[in-house]
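Enquirer: my questions concern the predicted model and sequence given below.
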Amino acid sequence: MKFGNLLIAGLVTGSIYAVFAVCVAVWYRVCNILNLAVGDFAMVGALGVDNLYRVRGMPLAAAIVTTLVVVAVFAYVYDQVVLRLAQDGPRRMEGIVVTFFFTFALAFFIDGVAKMLFGSDVHAAPALWNGQALTWASLHFERAGLLVLACAIVIGVAFWVYIRFTLGGKALEASGENAIGARIAGIDTRRYRRLIFVGTALIAAVFGIVESPITGYTYLSGATISLTGFLAAAYGGFRKPGRALVAGLFIGVLEAMLGGYVSAEYGDTVLYALLAAAVLAWPRGLGFESAVSG
Amino acid sequence: MSEVASPGARPPGARQAALKVTGLSVSYGNVVAVHDATFTVAQGDACAITGPNGNGKSSILMGVTGMVRRRGAVEIFGTKAPNGDVRWAARNGLTLVPERRQLYPELSAADNIILGCYCWTRSLGRARRSASFGRAIDLFPELKPHLKQAAGTLSGGQQQMVAIARGLASDPKILAVDEPCLGLAEVVARRVYDVLASIHEQGTTLIVVEEAPKRALTLCNRRVEVRNGVTDTPGGTTPPYPPGI
């Protein structure tokens, strides 16, 4: 039963990676920018709710709504000011500056503000579904973990349906494939960039709120989350949300298995060594070649 | 066969102007690509915009459709077109089939074509059932076996057909086609022109940008000549080949 419990734990962690990987991949698909701040929105979600609820005594529902509204408004303003100047202006910037720099700077900015507002201790949003772990045939299901899995499934399916079965989803793909071609068809590529940026910021914040009771967050947790999401997205060549999702789940399960069977201490080290080895062995199969060529 | 008379049969001004361009200028930074272009395309016309490479033919289309900012006035069926609004132009009947096709390489050919419907609907189902999408698909029987294939893997001629089909899916009254035969083999180019001719016969006003006027003039009944970014309509009011800008 050790295997089963490790698998469950791995799927829960993996679904977190997967969702962030999908967020990174979908947005990259739209506007060719890597969102390195996506994890920071999760951190703001978790610590913001904690701060409003525990420190300022707001009712939980109000705290959640307020935090989400703040995140959405902030993401919207950021897109309207920074990304608009960078991508839409008469002096359009191209290449690595836009791909990495602006969201990287945003991540540091959010971290700094979060440290000021929330301090540097470990906190978490209150658990939304309280009670003992559920047990079934000696398998343990943490309630928070089940919530995370459920959220991941809902979000994954929603993305899939949107991209696969709506004209808007196809327009979103077209925006990233060929911005000029998209404009010719009357597609407002900026609108999709904004929509997905604000949308993924909200998804990240919700995930932070749901997931933080499991791990606990500090103002620096965002970077780690972004990094794993980024890594899993890389396994989909940044452009294939479906593969990013599978990669995220796989990395989560592998991490849990290595931690359980190989070494709790060096599990992560072995994990990243294996991931790097896999890329070297099958660069094309894992989508890394397209990641390089864009 | 159609309500459009054979080329050149009717006197100019007898039909409604589909597209009226007055004093159009397009600049890229300090470089002036089009200066003060003025011309009119009547409904049912097939109009060729000809002239040597780099003289601003494509920029005229880019400015007219709103792909780039412009100065000057553009009227589509009598309504003034807002500057830089491609979607408005497409919704009001003017669609561009751009130079180099500008497809979405990783999307399937069918998805490329159906995105032409984006300017008038957000519903995938309605787009699939629409007459304009059906017409766009039916016009190219040779694309049928390749509709599920990624557009980037198609041949140049097939990609051009996908681009034209995408333009048709928007249900245009005026189709502006920019260098449709660029890089195509002669036999494929002829097929593309046959298709353009049948689109014209079905009543769509055509504007074709061509470097080689010979081919364009087999189809077109009107011609706008562009030199150094300045238009000159043979037989029109503008003097032939004015000095540079």
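Expert: Okay, I see it.

Enquirer: in chain B, which residue is closest to the centre?
Expert: Closest to where the C-alpha atoms of chain B average out (CA atoms, centre = their mean) is B:A176, at 0.9 Å.

Enquirer: tell me what the helix or strand that residue falls within is packed against?
Expert: Here B:A176 sits within strand B:174-178, counting by DSSP states H and E. Helices and strands touching strand B:174-178, by 3 or more CB pairs under 8 Å, 6 or more residues apart in numbering or on different chains; DSSP states H and E, are helix B:57-65, strand B:94-97, helix B:156-169, strand B:205-210. Where C-beta positions appear, they are placed from N, C-alpha and C, glycine not excepted.

Enquirer: buried deepest among the ones you listed, which one?
Expert: strand B:94-97 (a mean of 28; mean count of other CB atoms under 10 Å in any protein chain shown).

Enquirer: pull the distance from that one to the chain's centre.
Expert: 5 Å (CA atoms, centre = their mean, to the nearest Å).

Enquirer: dump the C-alpha coordinates for that strand into PDB.
Expert: The C-alpha trace of strand B:94-97 is given here as PDB (Å, rounded to 0.1, in the frame of the first residue of the first chain):
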ATOM      1  CA  LEU B  94     -13.400  43.700 -47.300                       C
ATOM      2  CA  THR B  95     -11.100  40.800 -46.600                       C
ATOM      3  CA  LEU B  96      -7.400  40.500 -47.300                       C
ATOM      4  CA  VAL B  97      -5.600  37.400 -48.500                       C
END
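
Enquirer: could you look up the SS state of the closest residue to A:F41 other than its chain neighbours?
Expert: Nearest non-adjacent residue to A:F41, counting by CB to CB, 6 or more residues apart in numbering or on different chains: A:A204, 3.9 Å away. Under DSSP: H, G, I helix; E, B strand; the rest coil, the three-state class of A:A204 is helix.

Enquirer: what's the burial count for A:T269?
Expert: 12 (other CB atoms under 10 Å in any protein chain shown).

Enquirer: repeat that for B:S27.
Expert: 17.

Enquirer: contacting residues for A:S15?
Expert: A:148-149, A:152-153, A:248-249, A:252 (CB atoms under 8 Å, 6 or more residues apart in numbering or on different chains).

Enquirer: which of these lies closest to chain B?
Expert: A:G248 (21.3 Å; CB to the nearest CB).

Enquirer: my guess is that closest one meets A:L11, correct?
Expert: No - under the criterion of CB atoms under 8 Å, A:G248 is not in contact with A:L11, lying 10.4 Å apart.

Enquirer: okay, the two: which has more neighbours?
Expert: Between A:G248 and A:L11, A:G248 has the larger neighbour count (other CB under 10 Å), namely 31 against 19.

Enquirer: what residues are up against the residue lying closest to A:L47 once chain neighbours are set aside?
Expert: The shortest distance from A:L47 to any non-neighbouring residue, by CB to CB, 6+ apart, is to A:F118 (4.3 Å). Contacts for A:F118 (CB under 8 Å, 6+ apart) come out as A:47-48, A:50-51, A:219.

Enquirer: quick check, pLDDT for A:F118.
Expert: Per-residue pLDDT puts A:F118 at 93.

Enquirer: repeat for A:M93
Expert: On the pLDDT scale, A:M93 is placed at 76.

Enquirer: and what of B:G13?
Expert: Confidence score, pLDDT, at B:G13: 48.

Enquirer: just to revisit the earlier point, which one of the helices and strands packed on strand B:174-178 lies nearest to chain A?
Expert: Of all the helices and strands packed on strand B:174-178, strand B:94-97 comes closest under CB to the nearest CB, at 5.5 Å.

Enquirer: so is the closest one next to chain A?
Expert: Yes - judged by CB under 8 Å from any CB of the partner chain, strand B:94-97 comes into contact with chain A at B:95-96.

Enquirer: what's in contact with that strand?
Expert: A:184, B:19, B:61-62, B:64-65, B:67, B:76, B:81, B:86, B:89, B:116, B:119, B:163-164, B:166-168, B:170, B:172-178, B:180.

Enquirer: right, I'll leave it there.
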